[in-house]
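A.B. asks: would you be able to build a 3D model of this:
(2 chains)
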Amino acid sequence: MATIIGPNDRLHVGKQVTDISTCFIVTSGGDIWIEDHAVIGWKVKFLCEHYDYSLRNIKTEDPPKSFEIRIGKGAWIGSCCVIVGPCTIGDNAVIGAGSVVVKQTVPANQLWAGNPAKFIRTIRFKD
Amino acid sequence: MAIIMGPKNRVHLGKDVKIKDTDFFVTNSGHIWIDDFSDLGYHVKLLCGNHDYTERNEKRFPYPDKGFDIKIGKGVLLCSSCIIIGPCTIGDNSIIEAGSVVVKENIQPDQFWAGDPARLIRKDSYLKPKERYHLFNGDYNRS
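C.D. replies: Numbers count the residues shown, from 1 in each chain, chains lettered A, B, ... in the order given. You can find the predicted model right below:
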């Protein structure tokens, strides 16, 4: 199983998701939903963590829980990506390897890549 | 030795290749050749894996068996935590800067590449001391 920092029950993995044993997952700031048939690459980092940096002495005990990451059905997250919540990745979308997605909403059926991740093109499916 | 995902007999090393334990190789859809005297930093990722993204849902799972090879020449320096995505060829004595992402490039010998996605910074991988100062301050154009 993957390296999970925070409560284990906040990670919700659907059916037939690829091997996430090399992933690094932080759930202390919100839930992470990985829906059915998602293709997760190697060494992906899902970071749901946030502190109010406008305060001087930050309390590290209980961060807010509103930083949710949702990976849609059949989405492909390339290897070594970093996904920072709050973030939504649509159904059948593709994130290129090594890219960094920070607080963005990736629509369905689109290819995004880069640091920070940008829209590259819309995917043309075979069928 | 590095962490290898996929068939382990697909990694071909020359002599005196320096590899750290934290390097990460994926050989599911291609071979990895690293020639003599090359030097890999920490957390270098060589990824020869692919899926067909023009399919939907569970049809995306199968991956091709070959066609995404990575060939690294002699005396190449891959700095720490850079990512090389196949199919890719890196010529002799080239340098890839730390943290850069090389996607399907054909890099000639004696070149210096950096960035995400990686681009050609200079056609000479030998750095004078004064240029090295600008390089480590993040200003590639002034050097």
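A.B. asks: give the residue spans of chain B that score low on pLDDT.
C.D. replies: Along chain B, segments meeting pLDDT under 70 span B:125-143.
A.B. asks: which parts of chain A sit against chain B?
C.D. replies: A:16, A:18, A:22, A:36-37, A:39, A:41-43, A:73-74, A:76, A:79-80, A:92, A:94, A:96-99, A:111, A:113-115, A:123-127 (CB under 8 Å from any CB of the partner chain). Yep, even glycine has a C-beta here, placed from its N, CA and C like the rest.
A.B. asks: where are the low-confidence patches of chain A?
C.D. replies: For chain A, the stretches with pLDDT under 70 are A:58-65.
A.B. asks: separation between the residue nearest to the spatial centre of it and B:Ser38?
C.D. replies: Nearest residue to the geometric centre of chain A (CA atoms, centre = their mean): A:Ile83, 4.2 Å. Applying CB to CB, to the nearest Å, the value for A:Ile83 to B:Ser38 is 32 Å.
A.B. asks: next one: B:Asp65
C.D. replies: Taking CB to CB, one finds B:Asp65 at 26 Å from B:Ser38.
A.B. asks: quick one: which of these two has more around it?
C.D. replies: B:Ser38 (23 against 10; other CB atoms under 10 Å in any protein chain shown).
A.B. asks: isn't the more buried one right up against B:Lys15?
C.D. replies: No: B:Ser38 is not in contact with B:Lys15 according to CB atoms under 8 Å; the separation is 10.3 Å.
A.B. asks: give me the residue at the spatial middle of chain B.
C.D. replies: So for chain B, CA atoms, centre = their mean, it's B:Ile84, sitting 3.5 Å from the centre.
A.B. asks: counting by contacts, list what the helix or strand containing that one packs against.
C.D. replies: Taking DSSP states H and E as the criterion, B:Ile84 maps to strand B:83-85. Under the contact criterion of 3 or more CB pairs under 8 Å, 6 or more residues apart in numbering or on different chains; DSSP states H and E, strand B:83-85 touches strand B:45-47, strand B:101-103.
A.B. asks: which residues does B:Gly14 contact?
C.D. replies: Counting by CB atoms under 8 Å, 6 or more residues apart in numbering or on different chains, B:Gly14 touches B:34-38, B:74.
A.B. asks: typed the wrong thing, it's A:Ile89
C.D. replies: Listed by CB under 8 Å, 6+ apart, the contact partners of A:Ile89 are A:70-72, A:75, A:77, A:83, A:95, A:101, A:106.
A.B. asks: can you give me the helices in chain A?
C.D. replies: Per DSSP state H, chain A carries no helices over any range.
A.B. asks: nope, chain B is what I meant
C.D. replies: B:129-136.
A.B. asks: get me the contact residues on it for chain A.
C.D. replies: Going by CB under 8 Å from any CB, the residues of chain B near chain A are B:5, B:24, B:26, B:45, B:47, B:49, B:51, B:53-58, B:60-61, B:83, B:85, B:101, B:103, B:116-117.
A.B. asks: and these, which are buried?
C.D. replies: B:5, B:24, B:26, B:45, B:47, B:49, B:51, B:53, B:55-57, B:60-61, B:83, B:85, B:101, B:103, B:116-117 (16 or more other CB atoms under 10 Å in any protein chain shown).
A.B. asks: picking up where we left off before, my read: the residue nearest to the centre of chain B touches B:Ser38, true?
C.D. replies: No: the criterion here is CB under 8 Å, and B:Ile84 misses it with B:Ser38 at 12.0 Å.
A.B. asks: in contact with B:Lys66, which residues?
C.D. replies: Contacts of B:Lys66 by CB under 8 Å, 6+ apart are B:29-31.
A.B. asks: list just the nearest of the residues you listed to chain A.
C.D. replies: B:Ser29 (12.4 Å; CB to the nearest CB).
A.B. asks: any idea how far B:Ile70 is from that closest one?
C.D. replies: B:Ser29 is 11 Å from B:Ile70, by CB to CB.
A.B. asks: how about B:Asp16?
C.D. replies: 19 Å.
A.B. asks: neighbour count: those two, which is higher?
C.D. replies: B:Ile70 (24 against 10).
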